[in-house]
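Peer 1: just coords:
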């Protein structure tokens, strides 16, 4: 399928047109709304000069979703009058092969078109806003990534679930919108709620599919703003209707209205378990539910508070997940990682916000006994981390952002982190990138000049730098030339740091893994981000960078003999 978009009219005036060569049986999804209440919005489809379909909408407050089946193959033109119609998104796909081919975006407006970032290797949505990953998992031999999504602008608003699939964690095909907010919430762009974060499990039996769990948020709804729903997708493309499974919070615990982010996994006792994030008078709590239903569709019962956290001035515990680390789920000796975000937290020593904690211990299906804990990411821009157990063990992904960075004055370069394994080794938790990232290496740019102190040009800015130190904790400074920020990586007597400063003179947090003494570092640069994995992910740091310009060059400063080797790779998908 090929498309040809013409932003200005071929016919003159306010009439606009774009076209695509489509195969037979193409499905079109479009969102449109009228400019005013007097004239409905219209999008017309034509082949060989004959109209074959027309989509209309009358709601002036929010874009309305419409679908059209194009039965015959051929060059198809789409026309609308900008004097009375506003378009948000138009994409096309074939249901027969969309899981392999994905969608083709035919149109997106100025308000929701994502910046063009050629050569970038991080996941980004094809249009609109994105935040938390949801339902990350493998279903029917494909990796599925669902995510919090608002399609009509680059700002957060009424939540949908976007969707993509991959065979290797890195190369994704964008799919049709998976989950829509309720009709009531879809009627206005007022940010009152929507289909919030959740998780997914496989549906087995004669009709395999995907069962998702999500929070429906409706601001000022009484008695509950947030309730839990489930829905099933049989085709792996779109979700069916949602059904309420938890209509209210547990009683008599003094919980706030925070009651969200259901994460479902099979527990050590073979029963389905659900974790939910909440808050009481003392801080954040993680709630535990279970069901005896083998399909996890009904019968959810509250077990108790699985974990409590009240440090760093946090409010709610968000996006909890739990995965077995070093054995099977039904082995009592297996240790589990309980991972969650500390919403609004602030580390007084560094100023870092919205910290994510990984707590390691034993989980028997009803209680969790902590052995130790560590921060998941010392630079804190890997939020809402969600993991699942894949063929080779747990793998997770996070939103490459931090809520404190969001500003109404700037565009927000939304992306997901590199997917990461979750491992337990020698008493510490490791989160290295998945092995597939090695396939991104296209060319070895340098293995001599950086280590000798010369400036190395970084080409298109999609880069991996591997640094081997002569001894654990050997000091160095790696400086990058970037148009919008001062960026670097440092190891010194205080630990491992991502250096980050802006020219506005405002005080910024210190992104440091205090006391870290790494021996080897993998540093991934992309347009809009830097990720550091030290000693196989023993210390991991992720920082979102402003704008979409690449780092132009790098220079390494280190005492003689401190750095044993340094290699620079050009990366590409």
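Peer 2: Now that the structure is in, tell me what you want to look at. Since the model is a prediction, treat every value here as computed from it, not as a measurement.

Peer 1: pull the distance from stretch 340-354 to the chain's centre.
Peer 2: Centroid displacement of stretch 340-354 relative to its chain, using Cα atoms, centre = their mean, to the nearest Å, is 20 Å.

Peer 1: what do you get for stretch 251-263?
Peer 2: The answer for stretch 251-263 is 23 Å, by Cα atoms, centre = their mean.

Peer 1: quick check: buried residues in it?
Peer 2: Using 16 or more other Cβ atoms under 10 Å as the test for burial, stretch 251-263 gives 255, 257, 258, 259, 260, 261, 262, 263. For the C-beta atoms, the positions are set from N, CA and C on the backbone; glycine is no exception.

Peer 1: in this protein, where is pLDDT below threshold?
Peer 2: Scanning the chain for pLDDT under 70 picks out the ranges 1-12, 407-413.

Peer 1: mind listing the helices for it?
Peer 2: 98-101, 183-186 (DSSP state H).

Peer 1: pull out the buried positions in the last one.
Peer 2: For helix 183-186, burial by neighbour count (16+ other Cβ under 10 Å) applies to 185, 186.

Peer 1: now swap in the first one and tell me
Peer 2: Buried positions in helix 98-101, judged by neighbour count with 16+ other Cβ under 10 Å: 98, 99.

Peer 1: ok, residue 328 - contacts?
Peer 2: residue 334 (Cβ atoms under 8 Å, 6 or more residues apart in numbering).

Peer 1: residue 386 versus that one, what's the distance?
Peer 2: Distance, residue 328 to residue 386, using Cβ to Cβ, to the nearest Å: 21 Å.

Peer 1: beta-bridge partners for the spatially closest residue to residue 105 that is not a sequence neighbour, please?
Peer 2: Distances taken as Cβ to Cβ, 6 or more residues apart in numbering place residue 91 nearest to residue 105, at 4.7 Å, with adjacent residues excluded. Beta-bridge pairing of residue 91, defined through DSSP bridges, involves residue 29, residue 105.

Peer 1: got the contact list for residue 91?
Peer 2: Contacts for residue 91 were tallied using Cβ under 8 Å, 6+ apart; they are 28, 29, 103, 104, 105, 106, 126, 176.

Peer 1: which residues sit in contact with the third one?
Peer 2: Neighbour list for residue 103: 29, 91, 92, 93, 126, 174, 175, 176 [criterion: Cβ under 8 Å, 6+ apart].

Peer 1: can I get these in a markdown table with distance to residue 527?
Peer 2: Listed next are the contacts of residue 103 as a markdown table, based on distance: Cβ to Cβ, whole Å:
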| residue | distance to residue 527 |
| --- | --- |
| 29 | 28 |
| 91 | 24 |
| 92 | 28 |
| 93 | 27 |
| 126 | 16 |
| 174 | 19 |
| 175 | 24 |
| 176 | 27 |
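
Peer 1: out of these, which is nearest to residue 143?
Peer 2: Checking the contacts of residue 103 against residue 143 with Cβ to Cβ, the nearest one is residue 175 at 12.0 Å.

Peer 1: what about the helices of the chain, which gets the closest to residue 493?
Peer 2: Closest approach to residue 493 among the helices of the chain (Cβ to Cβ): helix 98-101, 51.9 Å.

Peer 1: from the contact counts, what lies against that closest one?
Peer 2: Helix 98-101 sits against strand 172-174, with contacts defined as 3 or more Cβ pairs under 8 Å, 6 or more residues apart in numbering; DSSP states H and E.

Peer 1: what packs against the strand it packs on?
Peer 2: Applying 3+ Cβ pairs under 8 Å, 6+ apart, we find strand 172-174 packed against helix 98-101, strand 160-166.

Peer 1: helices or strands up against the last one?
Peer 2: I take that to be strand 160-166. strand 129-139, strand 142-150, strand 172-174, strand 193-203.

Peer 1: indicate which one of those strands is closest to residue 68.
Peer 2: For those, the distance to residue 68 is smallest for strand 172-174, at 19.1 Å, taking Cβ to Cβ.

Peer 1: give me the distance from that closest one to the chain's centre.
Peer 2: Remark: strand 172-174 is offset 13 Å from the chain centroid, using Cα atoms, centre = their mean.
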